[in-house]
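J.: Here is the input, now give the coordinates:
(3 chains)
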Amino acid sequence: VLLHRMKAHKVDYWSRLGRLRRSQWVLAWEKVDRAVMSGRIVCDTYLAAKARADLVKSKSYSLTQLARSQLETPREDISFESIPGYFKSASSLAYLTEHCCFDTFLVIKLMSKLQVLPLTKQLTALAGNLWGRTMTGARAERNEYLLLHEFHKAKFIVPDKAIYTSQRGAGATQQDGDEDGGRKTEGRRKPAYAGGLVLEPKKGFYDKFVLMLDFNSLYPSIIQEYNICFTTVNRPVRSDDNPDDEPDVPDSALETGTLPKLLARLVDRRRQVKQLMKDPKATPTELAQYNIRQTALKLTANSMYGCLGFTNSRFYAKPLAMLITSKGREILQNTVGLAESKGLDVIYGDTDSIMIYTNTDSIDEVKTMGLDLKREVNKRYRLLEIEMDAFYQRMLLLKKKKYAAIVVTEVNGQLKTKMETKGLDLVRRDWCELSHSVSEFALNQILSGDGREEVLDRIHEYLAKVGRETRGGLVPIEKFIINKGMTKNAHEYADVKSQPHVQVAKRMIAKGISVRAGDTVPYVICTDHTAQGPSKTMAECAYHPDELRQPGSGLKIDFEWYLAQQVHPPVARLCAPIEGTDAGRLASCLGLDASRYHVASAVADMQQHTMLDAQISDEERFRNVDRLFVRCLRCNRSNPLIGVALSKVGYRGLRCPEENCGAVLPAPSIGFQLTAAIQQHIRRYQEGWLLCDDPACQTRTRMLSVRREKCMNAECLGGKSLAFSDKMLYNQLLYFDRVFNYDRALKHTTDESLRGMLSWATRCRSAAPCD
DNA sequence: CCCTGGAGCGC
DNA sequence: ATCTCTTCAGGCGCTCCAGGG
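T.: The predicted structure is shown next:
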C-alpha cells in the first residue's frame, strides 16, 4: 500500500524504504514487499507475538487484543467497511488519522514489551544466521546455521542441503490436480515416529497435596546423557531404508559427539548467566539483559530435537529423533516404577513429568517425600536431573493433558496460592466467552475447598441464572462470539460445509475484507427463521458479529444452541468426577431437556479414583443403604445397628437398643446376621435387574435389549441402568465395614466416656484378634 | 456406529 | 538495458467436534 501511494504521489527516494538505491519502479514485480525492504530488518509484531506464544496468551493476535492483554491499553476496533465513511468530513478524517498514528505507537510499544529486538538479537548471535531471518521466525534455519558453524569448527564437511524439488516422483501415482499445478498447502502430516509417553491419568478430584516433579530439559539432557550425535550413532545411510528400526545407543567408550558438546556448552553458559543474575549488585537493566540471554540459550537448546525430526531440515535425522524420544519414554517409565516401588501413588505424567498423590496436608511432609524420590532418581543418571516443580494443594484431573490445580508457592516464608489450568475447554479459544465464564465459575467453586454440597448448590444455582439471563436476552452479543483460526486460505478448504469459520471467511473475502491463512475469524451461531425448508447445517448458521449487528439482518442468536453446545458440555466435563450431580442434572438447571443426557455413570464412577469419596460425609454417602438389622437373642426384636460410635456400647460389647432389654449382643450372633446381610446384597447385585430411569416409565426387566442402554419399552425415550449398581453394592459393603470400624469411630467422636470405651475395645481387639 | 479431517491444546 | 532472486515451513500425543458412508 505504502509503495503504491508513494508512486501515485511521485514521492522522491521511495527506494529508501530499503537500503538499495533504486531508480526505477518495476511493475513486473509481483511481490515487491520484501525485496523493497532489502538491507533492513523488518520487525512484524504480529509474527513476533505469535512466536512468543509461550508468553503471550491471547485469543487472537489482533492489535486490539494484544494492546489489551499486553499493554493494558484499550484500542477501538474500526471495521474495514466503515473506513470510507471517515473520509466524509474533516473532523472524522482527523479522527481516523489520529487512530492510525496511535496504532503505530502501539506497535512500537508492543515490540518493546515483548523484547523482540533483544531476544532475536541473542538468538541470532548464538546461531550465526541473519537477524532478519530470525525475525520472520525461521527456527529450522537457525538450527541449521548453528550446526553448520559447529561442524565447520570441528573440521567436518557437511552434506549438501537437499534441494527442494517439486515432488513429481510421488505425484505420478496420485494423478490429481491437473489444473494450475495444484499446489496443496499441506496441513499436518501423519506422525513419522513415536513421541513422548503420556500416562493414563487416575482421574478425579484430589483435596490433599499432589507433588509434581519433572526432568530439567529432558531431550537436551538425553542427547548429552547418551552421547547422541550424527557422529556417534550408527544409523542407516539413508533414513528411508529402515524407517522403523531404532538405532542403538552409542558405545560409552566413544568420544563426545559434536551435538552433545554443543548442548553442554549451551547449558553451561546458561548456568553462568543464571549465576550472574544472583549477584545483588546487578542493575535492573543488566538483569533484563541476563534474562534475555538465558531465555535465548534455553530456546536454542530446546529447539534442537524438533529440527532433527523435521523432514525438510538439512540435518534431518529421524533415527536420532526416534532414539531420543524412545529414551525419554524409557526414563519416564523407569521413574514411575521407582516411585511406585517406594509405595508412592503416581496419578499422572506426561513426557517428562510425574504427579504423585501424597495423601497429606503437610507441605513439609510432601517436601521430604519429594527430596527423597529426587535423590533416588538422580542417582541413576550421570547428567539427567529430576526436580520438584510444584505443589498442588488441590487438583482436578479430568483427562490426559486436561487438569486444573491450586499451586502453592512459598514467598518469603509465606504460602501463596494460584490456580493453574491446563488443556481444559476453559483455556481454548474455540469456546465463546459465555462458555468460558460459566466454566470458570464452576472450576473456581470446585477448587475452592468448600464443602461439596455447597459447591454444587452454587453451581446449580448459577447455571439456572445463566439459562434465564441468556434466554431473556440479557447477555451481551460479545459473549457469544467464537474465534477460530484459519490454517489454510479459505478457498483451499476441501470441506467447506462443515466449517463455520470458513463459511464466514468466504463472505468476508467477498466483501473485500482480507482473511488469510493464520488469521482468526470470529463468528456467532444464529437461528434463521426465514428458511424453514431443509435443515441447515451448523456451519450455515454461522455469521460474522458485524452481520448480526447490521440493522435489518433478521438474525437472532441461537440461545438454545449456545446453552446445549457451548455451556453444557464443558461444565459437565468439569463436574464429571464430582459426586452428587451429573450431566442430566446440570442440563435441567440450564433449562435443557435432561432426558437427553444419559451418562454411563456406573462404569465411569468405578474408574474414578476413590479419593473422591474422601470428601463426602457419611450421612450423605450412606443415605440410601439398607441399615443392618440385628435381632436380639433375648427379646427377639430386630433393631437397626447404627454403628459403634453411636450404639450403646458396654465393656462387654454392643447392647440391644430396645429400651427394656439392653442385653449384650453376642459377637457370633452379630457375625452370622452380618454375613447373611452381605450375601443378600451380593445376590441382589448379581440378579442384575434393570430399571428405566424415566420416572414415568419405571419398566423393570432383566432382559438385554438390542437397544443397548435404551429402555426396553419402545415408546419410552429413557435409559435403563442397574437397579442395584456396582456403586450401590460398594457403598453398602462400605457401610457394613464402617459400622464395626472402631478406629474410625474413635477418631470421630468427642464423647469422652465413649472414647474411653472404644480405645479399651481397640486394645482388647489387638490383644485377641480372633474375637 | 465407525472413521476421517480439522483445530488447538500439552509436552 | 537493468533492477531482483522472491519462500517456505520444528516434533508427536491427545481430546473434541462435525459430517459422511
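J.: Distance-wise, check the residue of the stretch 201-350 of chain A found nearest DNA strand B relative to residue A:392.
T.: In the stretch 201-350 of chain A, the residue that lies nearest DNA strand B is residue A:350 (3.8 Å; CB to the nearest atom of the strand). C-beta: built from backbone N, CA, C; applies to glycine. Taken as CB to CB, to the nearest Å, the spacing of residue A:350 relative to residue A:392 amounts to 14 Å.
J.: Output the longest strand belonging to chain A.
T.: Assignment by DSSP state E gives strand A:386-399 as the longest strand of chain A.
J.: Isn't residue A:547 up against residue A:541?
T.: No - with contact defined as CB atoms under 8 Å, residue A:547 does not reach residue A:541; the gap is 11.6 Å.
J.: still on that earlier bit, name the residue in residue A:350 and residue A:392 with the higher neighbour count.
T.: Between residue A:350 and residue A:392, counting by other CB atoms under 10 Å, residue A:392 is the more crowded of the two (26 against 19).
J.: Which strand residues bridge the more buried one?
T.: Bridge pairing for residue A:392 (DSSP bridges) gives the partners residue A:210, residue A:407.
J.: And it, how far from residue A:54?
T.: As for residue A:392, its distance to residue A:54 is 21 Å (criterion: CB to CB).
J.: and if you look at residue A:293?
T.: From residue A:293 over to residue A:54 (counting by CB to CB), the distance is 17 Å.
J.: between the two, which one's more packed in?
T.: Of the pair residue A:293 and residue A:54, residue A:293 is the one with more neighbours under other CB under 10 Å, namely 22 against 8.
J.: Excluding chain neighbours, give the residue nearest to the more buried one in space.
T.: The shortest distance from residue A:293 to any non-neighbouring residue, by CB to CB, 6 or more residues apart in numbering, is to residue A:273 (5.1 Å).
J.: Quick check: what element follows the helix or strand where that neighbour lies along the chain?
T.: Residue A:273 is located in helix A:258-277, with elements delineated by DSSP states H and E. Note on helix A:258-277: by DSSP H and E, the next helix or strand toward the C-terminus is helix A:284-308.
J.: what's the angle from that next one to helix A:258-277?
T.: 160 degrees (axes from the mean of the first three to the mean of the last three CA atoms, to 10 degrees).
J.: now helix A:284-308: how far from the chain's centre is it?
T.: 25 Å (CA atoms, centre = their mean, to the nearest Å).
J.: Over to stretch A:97-113?
T.: Distance, stretch centre to chain centre, for stretch A:97-113: 33 Å (CA atoms, centre = their mean).
J.: mind listing what the closest residue to residue A:394 other than its chain neighbours touches?
T.: Spatially, and ignoring its direct neighbours in sequence, residue A:394 is nearest to residue A:406 (4.7 Å; CB to CB, 6+ apart). Applying CB atoms under 8 Å, 6 or more residues apart in numbering to residue A:406 gives the contacts A:392-395, A:417-420, A:447, A:449.
J.: pLDDT added to those residues, as CSV?
T.: Shown next, in CSV, are the contacts of residue A:406 (pLDDT from 0 to 100):
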residue, pLDDT
A:392, 97
A:393, 96
A:394, 96
A:395, 97
A:417, 95
A:418, 94
A:419, 95
A:420, 94
A:447, 96
A:449, 91
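J.: for DNA strand B, what are the nearby residues on the stretch 401-550 of chain A?
T.: A:401, A:421-423, A:427-430, A:483-488, A:493-495, A:499, A:502, A:520 (CB under 7 Å from any atom of the strand).
J.: So which of those sit within strands?
T.: Judged by DSSP E, these include A:421-422, A:483-485, A:520 as members of strands.
J.: Which single one of those is nearest to DNA strand C?
T.: Nearest to DNA strand C among these, with distances taken as CB to the nearest atom of the strand, is residue A:422, at 10.2 Å.
J.: in the sheet, who's paired with the closest residue to the closest one other than its chain neighbours?
T.: Nearest residue to residue A:422, sequence neighbours excluded (CB to CB, 6+ apart): residue A:403, at 5.4 Å. Using DSSP bridges, the bridge partners assigned to residue A:403 are residue A:397, residue A:422.
J.: So what's the residue count around residue A:403?
T.: 24.
J.: For DNA strand B, see how far away the one residue in the stretch 51-200 of chain A that gets nearest to DNA strand C is.
T.: DNA strand C sits closest to residue A:195 of the stretch 51-200 of chain A, with a gap of 2.7 Å, by CB to the nearest atom of the strand. Computed as CB to the nearest atom of the strand, to the nearest Å, the residue A:195 to DNA strand B distance reads 6 Å.
J.: wait, that residue sits on residue A:326?
T.: No - the pair formed by residue A:195 and residue A:326 falls short of the contact definition of CB under 8 Å, at 9.8 Å.
J.: Comparing those two, which shows the higher neighbour count?
T.: Each of residue A:195 and residue A:326 has its neighbours counted (other CB under 10 Å); residue A:326 has more, 18 against 15.
J.: And what about the nearest residue to the more buried one once chain neighbours are set aside, helix, strand or coil?
T.: Spatial nearest neighbour of residue A:326, excluding adjacent residues (CB to CB, 6+ apart): residue A:246 at 5.6 Å. Taking DSSP: H, G, I helix; E, B strand; the rest coil as the rule, one finds residue A:246 in the coil state.
J.: how many neighbours does residue A:246 have?
T.: Residue A:246: 16 neighbours (other CB under 10 Å).
J.: List the residues that contact it.
T.: A:319, A:322-323, A:326.
J.: Would you mind checking which of those residues is nearest to residue A:229?
T.: Nearest to residue A:229, judged by CB to CB, of the contacts of residue A:246 is residue A:323 at 10.6 Å.
J.: host element of that closest one?
T.: Counting by DSSP H and E, residue A:323 is found in helix A:318-341.
J.: same for that helix, what does it pack against?
T.: helix A:218-225, helix A:284-308, strand A:345-348, strand A:353-357, helix A:363-379 (3 or more CB pairs under 8 Å, 6 or more residues apart in numbering; DSSP states H and E).
J.: Retrieve the pLDDT associated with the closest residue to residue A:558 other than its chain neighbours.
T.: Closest residue to residue A:558 apart from its sequence neighbours, by CB to CB, 6+ apart: residue A:527 at 4.4 Å. Residue A:527 is assigned a predicted lDDT (pLDDT) of 81.
J.: My understanding was that residue A:527 contacts residue A:541; is that so?
T.: Yes - judged on CB under 8 Å, residue A:527 makes contact with residue A:541 at a distance of 7.1 Å.
J.: Following the chain past the strand or helix carrying residue A:619, name the next helix or strand.
T.: Taking DSSP H and E as the definition, residue A:619 sits inside helix A:618-621. As assigned by DSSP H and E, the chain's next helix or strand after helix A:618-621 is strand A:628-631.
J.: which residues in the stretch 51-200 of chain A form helices?
T.: Ranges of helices in the stretch 51-200 of chain A, per DSSP state H, counting those that start in this stretch, are A:63-71, A:90-113, A:116-127, A:131-135, A:139-153, A:168-174.
J.: Of all those, which one is nearest residue A:434?
T.: Across these, closest to residue A:434 is helix A:63-71 (CB to CB), at 18.1 Å.
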